[in-house]
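**Q** Give me a 3D structure for the following:
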Amino acid sequence: MPAHHPPLTRRQCLLHLVAGTTTLLGCGGGGRSSTPPAPDGELIEGMRVVTVAEGLQHPWGLAFLPDGRLLFTERAGTMRTVQPDGSGLSSPIAGLPAVVVAGQGGLLDVALDPDFANTPWIYWSYVESGGASTAGTAVARGQLVGNTMTGVTVLYRQIPKVTGDGHFGGRLAFAPDGRLLITLGERMLEDPAAPGTLYAQNLGNSLGKVVRLERDGNIPPDNPNLGGGALPELFSFGLRNPQGAAIHPSTGELWVADHGPQGGDEINVIQAGDNHGWPLVSYGCPYGSPVGNACWVNGGTHAPNYVEPLTTWTPTSTAPSGMAFYTGSRYPSWTGQLFVGALAGEALWRLTLSGNTVTSRTAMFVNRLGRIRDVRQGRDGWLYLLTDETNGRILRLEM
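**A** Numbering: from 1, shown residues only. All right, here's what the predicted structure looks like:
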């Protein structure tokens with residue numbers, strides 16, 4: 001978006017989110033793209049963009065079944081499968097729990113058990129009702145038999161359920177030790193303009209947190225001790241709307257992409273007990289502020305009281321979402337780099353790394369593919385993208 005466009009106020013963001021029209025700064029979690037889809041097979045920036053599936057309702061999460069099928073969620077509340085060549089698009093999988101579909105909420109991420117060959121569980125995050133117009137993120141698991149999910153159990157429910165339809169977080173990742181890590185948004189209850197609302201800093205709830213569970217939903221005995229009154233499932237806190245998560249292939253650490261307000265989007269390494277500062281500090285600004293850095297929340301700098309992000313997007317937001325470390329050989333020059341989808345930015349970001357230092361960032365396919373909700377490396381070594389649109393697509397990048 002050109003820099004001379006004024007950013008929306010928080011109220012305007014909310015109105016656009018409800019209307020489903022948000023592509024603007026600081027409002028990247030919902031909405032639709034105005035970018036027309038690139039033609040199937042078009043060569044863009046040296047890559048052939050192949051459409052695997054289209055006509056999807058805001059596809060959100062993607063996993064790869066051992067039999068070669070792609071398993072994906074649609075925010076509209078459905079989970080389906082498709083073959084890599086685009087054939088065999090299934091009807092919606094039956095047996096899922098009821099999903100609240102409103103604003104940014106709906107059916108969210110999906111992931112396979114790390115020992116899927118022996119314990120073929122499928123895990124997914126979604127928004128469930130709490131009654132009285134409240135809702136919250138939940139995580140369930142089940143086993144896919146035919147086109148039905150069986151043995152469904154809800155493993156975790158965000159505490160508390162609140163009103164509103166934004167900032168659910170919802171990414172799932174399995175650490176090398178097999179523990180399940182879940183990113184949870186602060187549900188838009190915190191705003192730099194209202195610094196008294198410190199829900200992400202309150203360890204008695206799971207808003208604005210990462211929680212760590214055993215795969216059956218139990219709490220690991222070695223979770224960090226965050227003091228009296230802290231929920232035992234908490235792993236880290238002080239996050240806003242973490243919509244990207246990936247495990248570093250060498251260190252095994254969880255990396256998370258977190259939405260800032262007006263600017264201040266972050267990539268963070270998540271370690272036990274860390275406080276990432278929201279809403280006490282941010283390199284973003286309250287909505288409606290003049291574009292720049294004079295309005296950074298408490299000056300922006302996190303250290304020494306809070307963990308500094310590895311990289312940030314300022315002064316305006318790109319709204320980072322799903323992300324993946326590339327470990328394959330299809331794109332030899334990209335091995336070891338981090339790929340992050342962008343919603344408001346409508347781009348695929350390629351981050352070059354040296355250890356935990358981001359040495360460069362490159363925005364690819366800017367305004368060419370639409371809002372990129374998720375990025376995954378397939379079993380075939382290609383990168384797959386989900387575009388978050390009413391006519392959403394699964395895309396494969398080939399060279």
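**Q** alpha carbons only for contacts and neighbour counts from here, please
**A** Noted.
**Q** and residue 200, backbone torsions?
**A** phi -70, psi -20 (degrees, to the nearest 10).
**Q** Is it in contact with residue 241, as I believe?
**A** No: using C-alpha atoms under 8 Å, residue 200 is not in contact with residue 241; the gap is 10.2 Å.
**Q** list the residues that contact both of those two?
**A** 186, 208 (C-alpha atoms under 8 Å, 6 or more residues apart in numbering).
**Q** Look at those two and report which has more neighbours.
**A** Using other C-alpha atoms under 10 Å, the more surrounded residue of residue 200 and residue 241 is residue 241, with 32 against 29.
**Q** hang on, that one packs against residue 182?
**A** No: if you go by C-alpha under 8 Å, residue 241 and residue 182 don't touch, sitting 11.9 Å apart.
**Q** can you list the residues that contact stretch 312-321?
**A** The contact list for stretch 312-321 (C-alpha under 8 Å, 6+ apart) reads 25-29, 242-244, 257-267, 283-284, 291-293, 340-346, 372-374.
**Q** Send me it as CSV with only the CA atoms.
**A** Output in CSV follows, covering the C-alpha atoms of stretch 312-321 (Å, rounded to 0.1, in the frame of the first residue of the first chain):
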residue,chain,number,x,y,z
THR,A,312,10.3,-6.3,12.6
TRP,A,313,8.3,-4.6,9.8
THR,A,314,8.0,-0.9,10.3
PRO,A,315,6.5,1.7,10.0
THR,A,316,3.6,-0.2,8.4
SER,A,317,2.4,-3.8,8.7
THR,A,318,2.8,-6.7,6.3
ALA,A,319,0.7,-9.0,8.6
PRO,A,320,2.9,-12.1,8.6
SER,A,321,1.1,-15.4,8.7
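**Q** Rounded mean pLDDT for that stretch, please.
**A** The predicted model assigns stretch 312-321 a mean pLDDT of 97.
**Q** Same question for stretch 286-294.
**A** 93.
**Q** can you check stretch 104-124 too?
**A** On average, stretch 104-124 scores 98.
**Q** do stretch 373-387 as well
**A** Mean per-residue pLDDT for stretch 373-387: 98.
**Q** gap between that stretch and the chain center?
**A** Taking C-alpha atoms, centre = their mean, to the nearest Å, the mean C-alpha location of stretch 373-387 is offset from the chain mean by 14 Å.
**Q** Next, the distance between the ends of that stretch.
**A** For stretch 373-387, the first and last residues are 6 Å from each other (C-alpha to C-alpha, to the nearest Å).
**Q** Which residue of this structure lies farthest from its centroid?
**A** In terms of distance from the mean C-alpha position of the chain, residue 228 ranks first, at 29.9 Å (C-alpha atoms, centre = their mean).
**Q** pLDDT wise, what is that residue at?
**A** 92.
**Q** Is it part of a helix or strand, or is it coil?
**A** On the three-state scheme (DSSP: H, G, I helix; E, B strand; the rest coil), residue 228 is labelled coil.
**Q** gap between residue 387 and residue 229?
**A** From residue 387 over to residue 229 the distance is 40 Å, taken as C-alpha to C-alpha.
**Q** who has more neighbours, those two?
**A** Set residue 387 next to residue 229 and count neighbours by other C-alpha under 10 Å: residue 387 wins out with 30 against 10.
**Q** wait, the more buried one sits on residue 58?
**A** Yes: applying C-alpha under 8 Å as the test, residue 387 and residue 58 come out as touching, 7.1 Å apart.
**Q** Distance of residue 74 relative to residue 92?
**A** Distance, residue 74 to residue 92, using C-alpha to C-alpha: 10 Å.
**Q** Looking only at neighbour counts, state which of these two leads.
**A** The neighbour comparison of residue 74 against residue 92 (other C-alpha under 10 Å) goes to residue 74, with 23 against 16.
**Q** on that earlier part again, from the contacts of stretch 312-321, which land in strands?
**A** Of those, the ones assigned to strands by DSSP state E are 242-244, 257-258, 265-267, 340-342, 372-374.
**Q** Now that we have these, which of them are buried?
**A** With neighbours counted by 16 or more other C-alpha atoms under 10 Å, the ones in strands among the contacts of stretch 312-321 contain buried members at 242-244, 257-258, 265-267, 340-342, 372-374.
**Q** Dump those residues into a markdown table; add distance to residue 149 as well.
**A** Converted to a markdown table, those look like this (distance: C-alpha to C-alpha, whole Å):
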| residue | distance to residue 149 |
| --- | --- |
| 242 | 27 |
| 243 | 25 |
| 244 | 25 |
| 257 | 30 |
| 258 | 31 |
| 265 | 36 |
| 266 | 35 |
| 267 | 34 |
| 340 | 30 |
| 341 | 29 |
| 342 | 31 |
| 372 | 27 |
| 373 | 24 |
| 374 | 23 |
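**Q** so where's the stretch 151-300 of the chain shaky on pLDDT?
**A** Applying pLDDT under 70 to the stretch 151-300 of the chain picks out residues 190-197.
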